[in-house]
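Peer 1: No sequence on hand, only this structure:
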Ligand SMILES: [Zn+2]
């Protein structure tokens, strides 16, 4: 079955299979959930299934002309839209109204060679307001023989009017076994078992995180962060200044370092509340996490988490890095 090409997401596959077998398709689906967990992949497999010409028991064959054209994105009834930058130097990619209008025009015709026209719109939250308004009309009066699949990893950025006109299908982070399988089959090099488990634990169930080297780059800072959380206090201000200076001058992006710090604080909170070690981001550090968790109260840990979040926010607004980190650690001292 072609849905087997997508790991995990049993619930989403079940809903789509039921719709296919009962021929009760929605005109618009909204696939939502964290990044890099298979939403786009399943959307393409679904499009293949809808138009496969030599389908066995309702499943896409993956080999016919139609399946191959959809895979290569050259099928005349398959449309794939994603945000683009207006100019190479533009800060953000958006889905522009021209592209939405062009899509609407194409959807106005009958399918050219397939049974359905299928349009996949990735990162639908990147539609600008004009594009969104224009697109709402298509959702209100969907063209015949058309299935729209909207994809987002930021559902909270979507207009309620858009969400309410689609059938929502939730995607979940991938289970550890699926991440292990992907690391085994898609990784550039064979990884030793310790590295695999480190990546699985820190992937948050997202493929791009598991495959990215960034996941392990900043991991070398973890021990240091843990002892910082453990020791920083008004009596050890030297640590505060040393660390802030080193991080502000370092080559790693600060947001990544602070995400790492959030992961450790989250794990400490988790250990403190008696959560199972299987669910830690930094499970390999359990022996080091436990003594620190014993020394801190839940309130300490929550205040520190809040301070890190505030710092991330401040840095996104171009605050002075060293000053922002020092302020954060002063809050740590107060919480300690
Ligand atoms: Zn086929």
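Peer 2: Received, thanks. Bear in mind that the values here come from a model prediction, so they are computed numbers and not experimental data. Residues are numbered from 1 along each chain as shown.

Peer 1: Now do the buried residues in stretch 219-238.
Peer 2: 219, 221, 222, 225, 226, 228, 229, 230, 232 (16 or more other C-beta atoms under 10 Å). Just so you know, the C-beta spots here come from the backbone N, C-alpha and C atoms, and that holds for glycine as well.

Peer 1: Stretch 164-171 now?
Peer 2: For stretch 164-171, the neighbour count (16+ other C-beta under 10 Å) marks 165, 166, 169, 171 as buried.

Peer 1: cool, stretch 311-323 as well?
Peer 2: For stretch 311-323, the neighbour count (16+ other C-beta under 10 Å) marks 311, 312, 314, 315, 321 as buried.

Peer 1: dump the residue contacts of the last one.
Peer 2: Read it as residue 321. Residue 321 sits next to 247, 248, 254, 315 when contact means C-beta atoms under 8 Å, 6 or more residues apart in numbering.

Peer 1: for the ion, what are the nearby residues on this protein?
Peer 2: Contact residues, the chain versus the ion (C-beta under 5 Å from the ion): 52, 60, 61, 64, 67.

Peer 1: and the last one, that one's in a helix?
Peer 2: Translated: residue 67. Yes: counting by DSSP: H, G, I helix; E, B strand; the rest coil, residue 67 is part of a helix.

Peer 1: ok, the residue of the stretch 101-250 of the chain at minimum distance from the ion to residue 156 distance?
Peer 2: For the stretch 101-250 of the chain, the residue closest to the ion is residue 114, as judged by C-beta to the ion, at 10.6 Å. Counting by C-beta to C-beta, to the nearest Å, the gap from residue 114 to residue 156 is 34 Å.

Peer 1: Just want to know which of the two has more residues nearby.
Peer 2: Between residue 114 and residue 156, counted using other C-beta atoms under 10 Å, residue 114 has the larger neighbour count: 20 against 8.

Peer 1: Stretch 120-132: end-to-end distance?
Peer 2: Its start and end residues considered, stretch 120-132 measures 15 Å (C-alpha to C-alpha, to the nearest Å).

Peer 1: Stretch 159-177 too?
Peer 2: Start-to-end span of stretch 159-177 (C-alpha to C-alpha) is 35 Å.

Peer 1: Farthest pair within the buried residues of stretch 219-238?
Peer 2: Pairwise distances across these (C-beta to C-beta) peak at 20.5 Å, for the pair 219 and 232.

Peer 1: What about the residues of the chain next to the ion, which are in helices?
Peer 2: Judged by DSSP state H, the subset of the residues of the chain next to the ion located in helices is residue 67.

Peer 1: Residue 4: neighbouring residues, count only.
Peer 2: By the criterion of other C-beta under 10 Å, residue 4 has 9 neighbours.

Peer 1: Next, the buried residues of stretch 134-143.
Peer 2: Within stretch 134-143, the residues scored as buried using 16+ other C-beta under 10 Å are 134, 135, 138, 139, 142, 143.

Peer 1: Between those, which sits nearest residue 240?
Peer 2: Residue 240 lies nearest to residue 135 out of the buried residues of stretch 134-143, by C-beta to C-beta, at 50.0 Å.

Peer 1: now the stretch 151-300 of the chain, which segments are flagged as low pLDDT?
Peer 2: 215-216 (pLDDT under 70).

Peer 1: now the most centrally placed residue in the chain: how far from the ion?
Peer 2: By C-alpha atoms, centre = their mean, the chain has its centre lying nearest to residue 35, at 1.7 Å. Distance of residue 35 to the ion, computed by C-beta to the ion, to the nearest Å: 28 Å.

Peer 1: could you list every residue that touches the nearest residue to that residue once chain neighbours are set aside?
Peer 2: Spatially, and ignoring its direct neighbours in sequence, residue 35 is nearest to residue 153 (4.4 Å; C-beta to C-beta, 6 or more residues apart in numbering). Applying C-beta under 8 Å, 6+ apart to residue 153 gives the contacts 32, 33, 34, 35, 39, 123.

Peer 1: The lengthiest strand in the chain packs against which elements?
Peer 2: Using DSSP state E to define each element, the chain has its longest strand at strand 146-152. Judged by 3 or more C-beta pairs under 8 Å, 6 or more residues apart in numbering; DSSP states H and E, the packing partners of strand 146-152 are strand 28-32, helix 39-51, strand 117-121.
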